[in-house]
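>>> Turn this into a structure:
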Amino acid sequence: MNPLARLGALTLEQLRGWGHAATFFVELLQAVPQSLRRPRLAVEQVHAIGNRSLVIILASGLAVGFVLALQMYYALVRYGAAESLGLVVNLSLVRELSPVVTALLFAGRAGTSLTAEIGLMKAGEQIAALELMAVDPRQRVLAPRLLAGIVSLPILTVLFSAIGILGAWVVAVLLIGVDSGNFWSIQQSGVDIWRDVGNGIVKSFVFGVVCTVVALYQGYETEATPEGVAYATTRTVVISSLWILGMDFILTALMFSTP
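From the prediction side, this is the model:
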């Protein structure tokens, strides 16, 4: 096969894969209304993938708050703007760092868990058994997990921001000596609840859809072998991370392009 024909075959294969993924996403969305009739399934998944991710999210948020306060203080004090430390930390977290870092951690912890779980169900022929009993696995298995991911990630993002700002306060006020009243008052006057905090939550909602759909798709379409499941979990992290970073750029350009 000549190089041009090989390139054409690879392109067609890639387009076929994208089309299959898009079809899977549409079918998954169509299954969501039916799964809402059984909210208990979604609640159980919120606990499984959201609550069990809480420790790593809070620990990471606290560490990011510590480091961000130190780095921003050393940069701002050079220009006599140390009083703006609280505002800079807050905007950095709620606009950018909290949605992105939380989504990356969510993909690494909950996304791989979802992929492995669905992949093992497929390897154990549980998915085939559901289909044999005329039960749509998208409604019974996948849709509740999608809802749980969409609900969990915005909540985790808010907690990441809150604990990050608290960590920044500890470093700025208790260790460096920044005035506590100034630290909080400049945030109240400089942070817009809808433009800044709201847009960060919108980002986390989009990232929740992306991470969960990628994880479910990789698990549902994996080869029913141990090697296939292991490879699918790796693909979940890589693909989710790339999608998160790409969507972050697009959403930031759309949200903050105008003053």
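>>> From now on I want contacts and neighbour counts done on CA atoms only, so please keep to that.
Noted.
>>> where's residue 90, which helix or strand?
For residue 90, the host element (DSSP states H and E) is helix 85-91.
>>> Select the longest helix from the protein.
When the chain is parsed with DSSP state H, its longest helix is helix 3-35.
>>> packing partners for the following helix or strand past it?
Stepping forward along the backbone from helix 3-35, the first helix or strand reached (DSSP H and E) is helix 39-45. Under the contact criterion of 3 or more CA pairs under 8 Å, 6 or more residues apart in numbering; DSSP states H and E, helix 39-45 touches helix 143-169.
>>> Tell me the buried residues in the helix it packs on?
Of the residues in helix 143-169, those with enough neighbours to count as buried (16 or more other CA atoms under 10 Å) are 143-154, 156-169.
>>> Show me where the stretch 51-200 of the chain has its helices.
Taking DSSP state H, counting those that start in this stretch as the test, the helices found in the stretch 51-200 of the chain are 54-76, 85-91, 98-106, 112-123, 126-132, 137, 143-169, 180-190, 199-220.
>>> out of these, nearest to residue 2?
Ranking these by proximity to residue 2 (CA to CA) places helix 199-220 first, at 31.5 Å.
>>> what's the following helix or strand past that closest one packed up against?
As assigned by DSSP H and E, the chain's next helix or strand after helix 199-220 is helix 226-255. The helices and strands touching helix 226-255, judged by 3+ CA pairs under 8 Å, 6+ apart, are helix 98-106, helix 112-123, helix 199-220.
>>> Compute the inter-axis angle for helix 226-255 and helix 98-106.
The directions of helix 226-255 and helix 98-106 differ by 180 degrees, with axes from the mean of the first three to the mean of the last three CA atoms, to 10 degrees as the criterion.
>>> Could you shift the numbering so residue one becomes 27, and keep it that way?
Sure, I'll start numbering at 27, so the last one becomes helix 252-281.
>>> Could you tell me how far helix 252-281 lies from the centre of the chain?
9 Å (CA atoms, centre = their mean, to the nearest Å).
>>> what's the model's confidence in it, averaged?
This predicted structure assigns helix 252-281 an average pLDDT of 89.
>>> same check, this time on stretch 107-116
Per-residue confidence for stretch 107-116 averages out to 83 on the pLDDT scale.
>>> how far does it stretch from start to finish?
Start to finish, the residues bounding stretch 107-116 are 15 Å apart (CA to CA, to the nearest Å).
>>> Need the contact partners of it.
Contact with stretch 107-116 is made by 91, 94-95, 98-99, 102, 187, 191, 194-195, 204, 208-210, 212-213, 216-217, as judged by CA atoms under 8 Å, 6 or more residues apart in numbering.
>>> Stretch 85-98 now?
Here stretch 85-98 makes contact (CA under 8 Å, 6+ apart) with 111, 114-115, 124, 186-187, 189-198.
>>> same deal with stretch 223-242?
51, 120-122, 124-126, 129, 132-133, 137-138, 140-141, 144, 168, 171-172, 175-180, 183-184, 217, 259, 262, 265-266, 269-270, 273-274, 277, 281.
>>> And the pLDDT for the most centrally placed residue in the chain?
For the chain, residue 129 is the residue whose C-alpha lies nearest the centre (CA atoms, centre = their mean; 2.5 Å). Note on residue 129: pLDDT of 93.
>>> What of residue 284?
57.
>>> do residue 97 as well
Value for residue 97, per-residue pLDDT: 88.
>>> Next up, the contacts around residue 259.
Residue 259 is in contact with 137, 138, 139, 141, 142, 241, 244, 245, counting by CA under 8 Å, 6+ apart.
>>> can you list those in a markdown table and add distance to residue 37 and neighbour count?
Shown next, in a markdown table, are the contacts of residue 259 (distance: CA to CA, whole Å; neighbours: other CA atoms under 10 Å):
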| residue | distance to residue 37 | neighbour count |
| --- | --- | --- |
| 137 | 28 | 29 |
| 138 | 28 | 27 |
| 139 | 31 | 20 |
| 141 | 26 | 30 |
| 142 | 29 | 26 |
| 241 | 24 | 31 |
| 244 | 20 | 28 |
| 245 | 24 | 31 |
